[in-house]
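Undergrad: sequence plus predicted model, see below.
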Amino acid sequence: MNLQYITDNKGQTAGVFIPIQDWNQLKKIYKELEKTEENFVGIPDWHKSILDKRLNSLKNNTAVCTDFDKACDEIEKEL
């Protein structure tokens, strides 16, 4: 297995990258991993609810919206 360790900016191990071939092999050996993986697919419903509220708010109040590129330009000017 060719694992890659992911470290944070302090050099502490923060995660592990498992190549997909190895992950699929582990799922064959440990069937409960398949169930765990199902919980991480997609966006959780409570996230979707928050996103829907924010999108509706933006649609109804476009005056508070800023163009992304313009916002980035303004930030870069301040740096």
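TA: Received the coordinates, thanks. Numbers count the residues shown, from 1 in each chain.

Undergrad: quick one: low-confidence ranges for this structure?
TA: 37-41 (pLDDT under 70).

Undergrad: show me how it divides into domains.
TA: 1-41, 43-79 (automatic domain parsing).

Undergrad: so can I have a markdown table of these showing mean neighbour count?
TA: For glycine as for every other residue, the C-beta is placed from the backbone atoms N, C-alpha and C. Putting the domains of the chain into a markdown table (neighbours: other C-beta atoms under 10 Å) gives the following:
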| stretch | mean neighbour count |
| --- | --- |
| domain 1-41 | 10 |
| domain 43-79 | 9 |
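
Undergrad: wait, is A14 part of a helix?
TA: No - counting by DSSP: H, G, I helix; E, B strand; the rest coil, A14 is not part of a helix but strand.

Undergrad: next up, the contacts around it.
TA: A14 sits next to I6, T7, D8 when contact means C-beta atoms under 8 Å, 6 or more residues apart in numbering.

Undergrad: which of the residues you listed fall in strands?
TA: I6, T7 (DSSP state E).

Undergrad: will you turn the contacts of A14 into TSV that also has distance to K35?
TA: Shown next, in TSV, are the contacts of A14 (distance: C-beta to C-beta, whole Å):
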residue	distance to K35
I6	24
T7	29
D8	29
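
Undergrad: from the contacts of A14, which is closest to W23?
TA: I6 (15.1 Å; C-beta to C-beta).
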